[in-house]
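Asker: 3D model of this:
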Amino acid sequence: MQGLIPRGYLWYFDANILGNLALVREELLLGVKHTKGYYGKHS
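Answerer: Got it, this is the predicted structure:
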């Protein structure tokens, strides 16, 4: 199976997934910070 897929393509695919996960995690962290800050100021 590994012989069918070029290693560079596989590496790019993996890096793309990791990059997307990092972006999603940062968005979630930012969202939590904004939510906490908002409720902290207005509660």
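Asker: Asn16 versus Thr35, what's the distance?
Answerer: In this structure, Thr35 lies at 29 Å from Asn16, with CB to CB, to the nearest Å as the measure. The way it works is simple: take the backbone N, C-alpha and C, and place the C-beta from them, glycine included.
Asker: and for Leu23?
Answerer: Distance, Leu23 to Asn16, by CB to CB: 11 Å.
Asker: which intervals of the chain have sub-threshold pLDDT?
Answerer: Filtered on pLDDT under 70, the chain yields the residue ranges 1-6, 10-11, 38-43.
Asker: in it, which spans are helices?
Answerer: In order along the chain, the chain carries the following helices (DSSP state H): 7-42.
Asker: and stretch 13-30, which residues are buried?
Answerer: By neighbour count, and taking 16 or more other CB atoms under 10 Å as the criterion, stretch 13-30 has no buried residues at all.
Asker: mind saving the C-alpha coords of that stretch as CSV?
Answerer: Output of stretch 13-30 as CSV, limited to C-alpha atoms (Å, rounded to 0.1, in the frame of the first residue of the first chain):
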residue,chain,number,x,y,z
PHE,A,13,-1.5,15.1,3.8
ASP,A,14,-0.4,14.5,7.4
ALA,A,15,1.0,18.0,7.8
ASN,A,16,-2.3,19.4,6.4
ILE,A,17,-4.3,17.5,9.0
LEU,A,18,-2.0,18.6,11.8
GLY,A,19,-2.2,22.2,10.6
ASN,A,20,-6.0,22.1,10.5
LEU,A,21,-6.2,20.6,14.0
ALA,A,22,-3.9,23.4,15.3
LEU,A,23,-6.1,26.0,13.7
VAL,A,24,-9.3,24.5,15.1
ARG,A,25,-7.7,24.2,18.6
GLU,A,26,-6.7,27.9,18.5
GLU,A,27,-10.2,28.9,17.3
LEU,A,28,-11.7,27.0,20.2
LEU,A,29,-9.2,28.5,22.7
LEU,A,30,-9.9,32.0,21.4
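Asker: I am finished for the moment; much appreciated.
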